[in-house]
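Enquirer: What follows is a protein structure lacking sequence information:
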């Protein structure tokens, strides 16, 4: 799937295919305001689900019992867990509606295939192999288009999570309804599936995703683009070299130029981002303690 650029209309196309040098640093729009808001809803609701799901998954743990007692019991935790689940589901459905509208109503090209699509292709497999070779010094570092293979993996992991974790969660929530067409053993199975898949999601998001997105050397200590929606010319060329070259060759690079993010918003975004990362790392540690402590 592609994203909307949200950039201002193009000025005069560059004759050389490259943006003209100027006295100040250029910023390019990568994510629209709507996409950034959706991401905030996504990670906030996920943090809420993790924070409320862990005490119920490890309800015999002293820390979980203490937390439940402080917030009003496991009934209160379950209420907030369901609330976060509904918020996340609505955000997911909104995204599906947006994709359907842009592809089938507005006939937007490149959503399901091409350099700007989130659908994996043969180049992603080549980039994965090339990256592994680069890690061990057997080849050059691959250059990426708009989305790298790990970003596409993260994207589709949400679909898998909504299918497996979401369905199993709603099956437990509305058990009398699902019992009309599911056998008893299936309702018992969804309890196990929901808990184990949720733990896998927590471990993946708070370790692999955090490292790939924020803690790798070229983004440390945090990649701000998902919060500001913009990246510098240097970041654009370094991280998405092929997209930069493609847009320059097509004379579309200047159309993506945006205003520099305002200072107060960058600082606010840093506070929000660091808070989310800190909460995630704490939940990761608690997950490991709860899992191995009950092994």
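Expert: Yep, that arrived. Because the structure is predicted, anything quoted here is derived from the model rather than measured.
Enquirer: quick one: secondary structure of residue 219?
Expert: Taken by DSSP: H, G, I helix; E, B strand; the rest coil, the conformation at residue 219 corresponds to coil.
Enquirer: In contact with it, which residues?
Expert: Contacts for residue 219 were tallied using Cβ atoms under 8 Å, 6 or more residues apart in numbering; they are residue 213. Any C-beta I mention is one placed from the backbone N, CA and C, and that applies to glycine too.
Enquirer: what residue ranges in this protein score low on pLDDT?
Expert: Confidence mapping of the chain against pLDDT under 70 gives the ranges 1-23, 294-295.
Enquirer: Tell me where it has helices.
Expert: Using DSSP state H, the helices of the chain run over 33-57, 62-71, 74-100, 122-135, 149-161, 167-173, 175-178, 184-203, 210, 225-228, 233-239, 241-250, 263-293.
Enquirer: These: which one's closest to residue 115?
Expert: helix 241-250 (6.3 Å; Cβ to Cβ).
Enquirer: related to what we said a few turns ago, for residue 257, find the nearest of the helices of the chain.
Expert: helix 233-239 (9.2 Å).
Enquirer: For residue 143, which of the helices of the chain is the nearest?
Expert: Taking the helices of the chain one by one with Cβ to Cβ, helix 241-250 is closest: 4.2 Å.
Enquirer: Buried ones in the closest one, by neighbour count?
Expert: For helix 241-250, the neighbour count (16 or more other Cβ atoms under 10 Å) marks 243-248 as buried.
Enquirer: Looking at those residues, which one is closest to residue 146?
Expert: Of those, the one sitting nearest to residue 146 (Cβ to Cβ) turns out to be residue 243, at 4.7 Å.
Enquirer: Please name the nearest non-neighbouring residue to the closest one.
Expert: Leaving aside its sequence neighbours, residue 243 sits nearest to residue 146 (Cβ to Cβ, 6 or more residues apart in numbering; 4.7 Å).
Enquirer: In contact with the nearest residue to residue 80 once chain neighbours are set aside, which residues?
Expert: Setting aside the residues directly before and after it, residue 80 is nearest to residue 52 in space (Cβ to Cβ, 6+ apart), at 5.0 Å. Taking Cβ under 8 Å, 6+ apart, we find residue 52 in contact with 77-78, 80-81, 84.
Enquirer: For residue 64, give me its contacts.
Expert: By Cβ under 8 Å, 6+ apart, the residues touching residue 64 are 54-56, 58, 290.
Enquirer: Many thanks, have a good one.
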